[in-house]
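> any chance you could fold what I've pasted below:
(one chain, ligands or ions: 1)
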Amino acid sequence: MEIILNSLIFLVFYQGASNSINNKNSFANSSVLASGGEWYKIAITEDGIYKLDYQTLFNNGIINGEVSSESLNIFGNGGGMLSTINGAFRGDDLSMIRIHVEDGGDNVFSTGDYILFYGQGPHQNNFDGSKFTHNTHLYCDSSYYFVNVGGPHLPYRIGSATTTSNTTTHTVNSFLDFKFIEKDDINLLKSGSQWYGDIYDVQDII
Ligand SMILES: [Ca+2]
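Numbering: from 1, shown residues only. Below you'll find the predicted structure:
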């Protein structure tokens with residue numbers, strides 16, 4: 001699996017679900033995982049656009065050869081921890097996410113073809129308009145997405161952005177990025193959610 005960081009600005013991504021359950025008092029009758037087809041679980045560790053190409057799926061036994069592009073879908077609920085607030089929304093089933101399937105236009109997923117999707121890692125970055133903050137996931141270092149092959153689901157795809165003939169007004173050559181280092185190595189109580197990283201201590205010199 002390969003992460004793609006640029007060259008995809010022409011795509012418009014809609015992270016979300018067509019079949020998510022918005023009423024927190026409603027529950028799915030059965031998990032989408034029981035809906036049919038074959039399921040494969042993949043882990044990611046950070047936000048980004050991910051590429052699953054034909055050879056990767058083939059080499060890992062996810063497909064045995066060429067398949068219909070429409071038979072491929074991906075499910076996942078994004079990253080981040082569940083809220084500790086009782087009344088917060090919690091999806092009780094996986095949601096289908098929009099993906100882009102590049103198949104050369106023949107609707108057959110074959111050698112050289114690939115899937116692109118936007119995946120959210122376990123740790124969340126936030127920007128309030130003036131500064132970045134982050135929330136480190138306390139319980140997991142990966143988030144998970146599920147590839148469905150041959151299920152009963154209609155293809156859920158990313159749409160194309162509307163092109164414009166307007167004159168360019170800005171040229172962007174650089175941008176601000178955000179990284180953080182937060183080691184959760186030590187828990188003094190061996191309980192709870194308070195973790196610490198590097199140890200700063202005294203050492204006797206004999
Ligand atoms: Ca093709």
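> close to the ion: what parts of the chain are there?
Within the chain, the positions adjacent to the ion are 103-104, 106, 108, 110, 113 by CB under 5 Å from the ion. (Glycine included, C-beta is placed from N, CA and C.)
> farthest-separated two in these?
106 and 113 (8.9 Å; CB to CB).
> neighbour count: these two, which is higher?
Shown here are residue 106 and residue 113; by other CB atoms under 10 Å, residue 113 has more neighbours (21 against 10).
> thinking again about what came up before, would you turn the residues of the chain next to the ion into TSV with pLDDT, secondary structure and distance to residue 90?
What follows is the residues of the chain next to the ion, written out as TSV (pLDDT from 0 to 100; DSSP: H, G, I helix; E, B strand; the rest coil; distance: CB to CB, whole Å):
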residue	pLDDT	secondary structure	distance to residue 90
103	98	coil	35
104	97	coil	40
106	97	coil	40
108	98	strand	38
110	98	coil	39
113	98	coil	35
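> any idea how far the closest residue to residue 198 other than its chain neighbours is from residue 59?
Nearest non-adjacent residue to residue 198, counting by CB to CB, 6 or more residues apart in numbering: residue 183, 6.5 Å away. Plainly put, residue 183 is 34 Å away from residue 59 if you go by CB to CB, to the nearest Å.
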